[in-house]
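**Student:** Mind looking at a prediction? Sequence and model below.
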There are 2 protein chains.
Amino acid sequence: MASERTALSPRARARVQTEADIVRIGRRHLASEGAAGLSLRAVARDLGLVSSAVYRYVASRDELLTLLLVDAYGELGDAVDAAVNGVPQDDFHGQFMALGRAVRDWALKDTASYALLFGSPVPGYRAPAERTTVPGTRVIYRLAGILDAAHRAGAIAPVPLAAVGVSPKLKRDLSAIRDDLGLAAPEELIAQGVLAWTSLFGAVSFEVFGHYGPDTFTAPEELFDRHLAVLAATTGLQDQGAR
Amino acid sequence: MASERTALSPRARARVQTEADIVRIGRRHLASEGAAGLSLRAVARDLGLVSSAVYRYVASRDELLTLLLVDAYGELGDAVDAAVNGVPQDDFHGQFMALGRAVRDWALKDTASYALLFGSPVPGYRAPAERTTVPGTRVIYRLAGILDAAHRAGAIAPVPLAAVGVSPKLKRDLSAIRDDLGLAAPEELIAQGVLAWTSLFGAVSFEVFGHYGPDTFTAPEELFDRHLAVLAATTGLQDQGAR
DNA sequence: CTCGTGTCAAGAGCAGTGCTCTCTTTTGTT
DNA sequence: AACAAAAGAGAGCACTGCTCTTGACACGAG
């Protein structure tokens, strides 16, 4: 037992290697065939195994899908964290922009994984919440952290669209979220944060899934940056960096 | 020849009936199995035909997908048109809200078709532009029409976020769009319109695809309405209806 | 140093898929 | 009634996910 934690047996080593290979090849197939076309047999072929052998490592096709899902959420979360951490702690506007750009960059780099996470649900597949919620909530938690920190620091203007208001039921939902995440922000700001969150992914999805025409925007990154800036402004984040 | 336009031959009648049945059953399968699980064999079974027989009516699985795509775009466009037409011609804010709500309602009613249109691209399938662009652009054209009419009527406030600015390249793209659609709106407003458009579908997608938790929002329609109202406000549309 | 245990790979088999090809039946028209 | 066009039927190819059984191997305890 003690040896288990210091050094893996050769068998165990081989196993983790094979498991990693399966995920790696699975991602490749995801990119070329899509989630629905993901085939354990094809993965087995690429791995040099007979089809039935991969079931020693992965219980089912859905299990492989879950592995790829967790893997992708992890990559996206890492990319976002790295980008946000590269911005000074008190530059909340910069952090927001960095988060948004990181999501877009990652999505454009690995459109298949992005489609797996944020596209159509894979029919017949239900993600096991106990394994996917934690990695799957990293981005929104990070966004909430940025906005809440900005609020606490007094760096967020009172939401300029307060006139829109928040209905009682919605207010209850929003304050439940606030309590859940331990935030200090008022309900209006949380609502704005949710809007910014969904709008961010809406903009990314349209670009990644090709809903703009092929030649409509010659500089899509400039359009996206403007969208981000507008979303930041409507959330009350002012750009102190601009001179 | 003359008889062809007045009355269809019994054979031709049977054919259009079968074609309609195929689309109807295809939609049912799309709802239960998803686009990737759409099976011509299963459609044939439900139709009481042998698998090869459906190829008399539909050239391929992709062809059926195209039929479903055009069908769904048509339904969405009809729903949006009906909703917007039900609002007084000079109530642009109300028209915007109606458009957004119509999209959401339709998406919630037929999530499978919505996923086909706005979810992950179906791997290996390329929509034939000559058949899908016209029905596929009805919503954004209608939105553009609302905003442009509001602008011409002076019912749109100068976009309050002009400070964000528009880069030169982006400005060129936006004015190209304006010329294409014959609009009068300034570039800033067009950019806001695009943001509203993608944000609308971002909000709908998150709700339809279940990216909020299952119990996070007890009144999602209120959240959505607020999002719409904020998007209208950031676009410069003022709500004259509110008293 | 043998022997049981657990790990792994292989192969056959079931039921399903898209699609093509050939053959037969039905049908509308002349 | 005769004929051609249209529609359906059936077999077949190559593929999929998944299960079950069989055989090979390595490892560690006795």
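**Tutor:** Cool, got the structure.
**Student:** Tell me the helix or strand right after the helix or strand containing A:Arg28.
**Tutor:** Using DSSP states H and E, A:Arg28 sits in helix A:10-33. Using DSSP H and E, the helix or strand that follows helix A:10-33 in sequence is helix A:40-47.
**Student:** residue contacts, the nearest residue to A:Gly119 once chain neighbours are set aside?
**Tutor:** Once flanking residues are discounted, A:Gly119 sits nearest to B:Ser120: 3.0 Å by CB to CB, 6 or more residues apart in numbering or on different chains. For the C-beta atoms, the positions are set from N, CA and C on the backbone; glycine is no exception. Counting by CB atoms under 8 Å, 6 or more residues apart in numbering or on different chains, B:Ser120 touches A:Gly34, A:Ala35, A:Ala115, A:Leu116, A:Gly119, A:Ser120, A:Phe209.
**Student:** The fifth one against A:Phe209, yeah?
**Tutor:** Yes. With contacts counted by CB atoms under 8 Å, A:Gly119 reaches A:Phe209, the gap being 7.2 Å.
**Student:** Quickly list what's touching both of the two.
**Tutor:** B:Gly119, B:Ser120, B:Pro121.
**Student:** Return the member of these nearest to DNA strand D.
**Tutor:** B:Ser120 (17.5 Å; CB to the nearest atom of the strand).
**Student:** Can you report phi and psi for the closest one?
**Tutor:** Torsion angles at B:Ser120 (phi, psi; degrees, to the nearest 10) stand at phi -60, psi 140.
**Student:** ok, back up a step: tell me how far the helix holding A:Arg28 lies from the chain's centre.
**Tutor:** Computed by CA atoms, centre = their mean, to the nearest Å, the separation of helix A:10-33 from the middle of its chain amounts to 22 Å.
**Student:** what's next to it, contact-wise?
**Tutor:** A:8, A:37-39, A:42-43, A:46-47, A:54, A:57-58, A:64, A:67-68, A:71, A:110-113, A:116, B:123-124.
**Student:** could you check the angle helix A:40-47 makes with it?
**Tutor:** 120 degrees (axes from the mean of the first three to the mean of the last three CA atoms, to 10 degrees).
**Student:** How many neighbouring residues does the closest residue to A:His151 other than its chain neighbours have?
**Tutor:** In space, and not counting its chain neighbours, A:His151 is closest to A:Ala185: 4.6 Å by CB to CB, 6+ apart. By other CB atoms under 10 Å in any protein chain shown, 24 other residues sit near A:Ala185.
**Student:** Need the max-distance pair from the contacts of B:Ser120.
**Tutor:** A:Ala35 and A:Phe209 (13.8 Å; CB to CB).
**Student:** what's the overlap in contacts for those two?
**Tutor:** If you check A:Ala35 and A:Phe209 against CB under 8 Å, 6+ apart, the residues they both contact are A:Ala115, B:Ser120.
**Student:** which residues touch whichever residue of chain A sits closest to DNA strand C?
**Tutor:** Going by CB to the nearest atom of the strand, DNA strand C is nearest to A:Ser52 of chain A, at 2.9 Å. By CB under 8 Å, 6+ apart, the contact list for A:Ser52 reads A:Ala44.
**Student:** how near is it to A:Leu64?
**Tutor:** Going from A:Ser52 to A:Leu64 by CB to CB, to the nearest Å gives 15 Å.
**Student:** Confirm for me that A:Val194 is in contact with B:Glu222.
**Tutor:** No. Counting by CB under 8 Å, A:Val194 stays clear of B:Glu222, with 11.9 Å between them.
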